[in-house]
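Q: Generate a structure from the sequence data that follows.
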Amino acid sequence: KPVVNTGSCQSHHVGYCISGSIEVEMADGTRATIKAGDSYAIPAGHDARVEGDEQFRAVEFLSAATYAKYSEG
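A: Numbers count the residues shown, from 1 in each chain. This is a model prediction of the structure:
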């Protein structure tokens, strides 16, 4: 969301978590945790944050690959 200047991510994500975990919060306040070994489908209108110290790594089959790109300088 900070890359595209919206209040929440407006893309749908479908993937499989390899390591780490994230907490996803929907606009209605519903929350879910995605952790290693989980497959997921996250609809548009969400925010997410990494939980713990381990990096979240996932394979995404449907995502925002071209919606917004961020590069470190």
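
Q: Now do the same contact list for residue 62.
A: 12, 13, 14, 15 (C-beta atoms under 8 Å, 6 or more residues apart in numbering). Every C-beta, even on glycine, is put in place using the N, C-alpha and C of the backbone.

Q: just checking, which of those residues belong to strands?
A: If you go by DSSP state E, those have 13, 14, 15 in strands.

Q: Buried members of those residues into PyMOL, please.
A: With 16 or more other C-beta atoms under 10 Å as the burial test, the buried ones among the ones in strands among the contacts of residue 62 are selected in PyMOL as follows:
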select buried, resi 13+15
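
Q: now the ones in strands among the contacts of residue 62 in a markdown table, with distance to residue 33 and pLDDT?
A: Converted to a markdown table, the ones in strands among the contacts of residue 62 look like this (distance: C-beta to C-beta, whole Å; pLDDT from 0 to 100):
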| residue | distance to residue 33 | pLDDT |
| --- | --- | --- |
| 13 | 15 | 90 |
| 14 | 17 | 92 |
| 15 | 15 | 92 |
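
Q: Using JSON lines, lay out the ones in strands among the contacts of residue 62 together with distance to residue 39.
A: Output for the ones in strands among the contacts of residue 62, formatted as JSON lines (distance: C-beta to C-beta, whole Å):
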{"residue": "13", "distance to residue 39": "11"}
{"residue": "14", "distance to residue 39": "8"}
{"residue": "15", "distance to residue 39": "7"}
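
Q: Which of the ones in strands among the contacts of residue 62 sits closest to residue 45?
A: Of all these, residue 45 sits closest to residue 13, with 11.6 Å by C-beta to C-beta.

Q: Please read off the pLDDT at the most centrally placed residue in the chain from the model.
A: Computing the C-alpha centroid of the chain and ranking residues by C-alpha atoms, centre = their mean puts residue 48 first, at 5.3 Å. Here the pLDDT value assigned to residue 48 is 90.

Q: Packing partners of the host helix or strand of it?
A: Using DSSP states H and E, residue 48 falls within strand 46-50. Judged by 3 or more C-beta pairs under 8 Å, 6 or more residues apart in numbering; DSSP states H and E, strand 46-50 is in contact with strand 21-26.
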